[in-house]
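Trainee: predicted model follows, preceded by the sequence.
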Amino acid sequence: MTLRIGVDGYNLALPAGTGVASYGRALCRAIQAIGGEIDLIYGVTMRSDTPLHLRETLFYSRLGEQLALGERLKMTVKRRLMRATMLPTVRKPVEIPVSGRIIAGDLADRVPTARRIFTRSGLFDTSVRYFRRYGKPMRIELPDPPAIMHWTYPVPVELVGARNVYTLHDIVPLVMPYASLEDKGYYKSLLQWLLDHADGLCTVSEASRRDIVEMFGVPQDRIDNLYQAADLGDRAVVAADEDLRVWLDRLFDLDLHGYFLFAGAIEPKKNVGRLIEAYLQSGVETPLVIVGREGWRAEPELRLLNGGNGAQLKGAARIRRIDYLPRGQLLRLMRGARAMLFPSLYEGFGLPVLEGMALGAPVLTSDVSSLPEITGDAALRVDPYAVDAMADAIRSLDGDSALRKRLSALGLAQSERFSSAHFERRLAEFYRKTVG
């Protein structure tokens, strides 16, 4: 009998994607690899009375318009009244036909292959208000629900008739409350409810599981560590060196293995400010490429690039910033880097580190949270607060080709511990345990 699994589109729908979106895509591929069928649930706007023949077209249209996670519906009088009188009733998402006639194109990563697709206007935004009011998740109902509903993030939603499981990637808002914008009271209350009531909980590293167990005082076996797999998709086979050399030259004016790379959001947790300081202090001539959109409190992190010390620093000209790259381009950029630099202050997993290792790039990262666990002995690890040590490591990577070659080989071997096959086995066992 085929196991049917529901997966949410909370992060999948994001136009630029996130680490959690990558997790969602890898999860969907793993479900299919173990023989499961998928129902997807989104929060994209769709009226319940939308004619059936228009739903699929409008769904993809609204994804293309980037009206997805966190969208704000126009506040009509009717909606204001509904918000003020929110009742604890079961919501019914709208089913989107899956005809196979839509050319998904660049949206294909945001809508993985599925048996059925559902959406409920503003589902995830509404569920937060619901939880604040009632202290429990909002319930939704589907016809013939899947056996398991796997929520890829701690969202306050439950699917009636399914075993509801949730992935808790980390608890950054609680262990580093100064490094995120989340409402900490709401976040802790939601996690406590999930720990008390969810049918299953999983996380992505032993470090994250340890943090959750210690913060909430729950037994270790209350949450399963499944790790995760690199989201390389069909792009695991990348260009040969000569093709990559030409591509880098023509698109980015970069030399193969002639640049350092950071990939991630520009926010305090990612430690970009200290990375820039260490890079400038190192005095290396190899350029540093920073790929990532500006997040909360990005300006202090970029201070040294913007003349924050009173003048434009001469070394800053060697640092390039790219706001966003499509996934395929980013993976190629990783593959061609002299080294990946990722000295984050805290990671639940550290997906860019795994992706870099899987693509053969030497890695410099931090000696905190999950990062030693993910890299093993296959990376240079530094105290993320120690700029001098970071600068020394950058100089070592820049000048020691034997070190780079050794780290590349070790990284490729280490990344196999987090292969798709290993993730699929852990996931299948987790689902077997969940359904009893």
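Mentor: Nice, I can see it.
Trainee: ok, the closest residue to residue 384 other than its chain neighbours to residue 275 distance?
Mentor: Excluding the flanking residues, the one nearest residue 384 by C-beta to C-beta, 6 or more residues apart in numbering is residue 366, at 4.1 Å. No exception for glycine: its C-beta is placed from N, CA and C like everyone else's. When distance is defined by C-beta to C-beta, to the nearest Å, residue 366 is 10 Å away from residue 275.
Trainee: and for the two, which residues touch both?
Mentor: Contact criterion C-beta atoms under 8 Å, 6 or more residues apart in numbering; residues shared by residue 366 and residue 275: residue 343.
Trainee: related to what we said a few turns ago, isn't the residue nearest to residue 384 up against residue 382?
Mentor: Yes - using C-beta atoms under 8 Å, residue 366 is in contact with residue 382, at 6.6 Å.
Trainee: neighbour count for the two, which is higher?
Mentor: Set residue 366 next to residue 382 and count neighbours by other C-beta atoms under 10 Å: residue 366 wins out with 26 against 22.
Trainee: let me see the backbone angles for the more buried one.
Mentor: phi -90, psi 160 (degrees, to the nearest 10).
Trainee: can you pull the pLDDT of it?
Mentor: Here the pLDDT value assigned to residue 366 is 98.
Trainee: what's the distance between it and residue 322?
Mentor: Distance from residue 366 to residue 322, by C-beta to C-beta: 23 Å.
Trainee: ditto for residue 241
Mentor: 22 Å.
Trainee: now swap in residue 256 and tell me
Mentor: 17 Å.
Trainee: list the buried residues in stretch 181-199.
Mentor: 187-188, 190-191, 193-195, 198 (16 or more other C-beta atoms under 10 Å).
Trainee: again, but for stretch 2-18
Mentor: 3-15, 17-18.
Trainee: and it, how far from the chain's centre?
Mentor: Computed by C-alpha atoms, centre = their mean, to the nearest Å, the separation of stretch 2-18 from the middle of its chain amounts to 11 Å.
Trainee: do the same with stretch 149-167
Mentor: For stretch 149-167, the distance to the chain centre is 18 Å (C-alpha atoms, centre = their mean).
Trainee: so where's the protein shaky on pLDDT?
Mentor: 15-18, 66-85, 233-239, 307-311 (pLDDT under 70).
Trainee: and the buried residues of stretch 2-18, which of them are in helices?
Mentor: The subset of those located in helices under the criterion DSSP state H is empty.
Trainee: kindly indicate which of those lies nearest residue 268.
Mentor: Nearest to residue 268 among the buried residues of stretch 2-18: residue 18, at 16.5 Å, using C-beta to C-beta.
Trainee: rewinding a little: between residue 366 and residue 382, what contacts are shared?
Mentor: Joint contacts of residue 366 and residue 382 (C-beta under 8 Å, 6+ apart) are residue 343.
Trainee: ok so, going back, neighbour count winner among residue 241 and residue 322?
Mentor: Neighbour totals were compared for residue 241 and residue 322, and residue 322 leads with 16 against 12 (other C-beta under 10 Å).
Trainee: the more buried one touches residue 291, doesn't it?
Mentor: Yes - between residue 322 and residue 291 there is a contact under C-beta under 8 Å: 4.6 Å.
Trainee: what lies in contact with the strand or helix carrying residue 158?
Mentor: Per DSSP states H and E, residue 158 falls inside strand 157-159. Identification of contacts with strand 157-159 by C-beta under 8 Å, 6+ apart yields 6, 8, 41, 123-124, 127, 137-142, 145-146, 149, 151, 164.
Trainee: mind doing that once more with 10 Å?
Mentor: 6, 8, 10, 39, 41, 43, 90-91, 93, 118, 120, 123-124, 126-128, 130-131, 136-142, 145-146, 148-151, 164, 166, 194, 197-199 (C-beta atoms under 10 Å, 6 or more residues apart in numbering).
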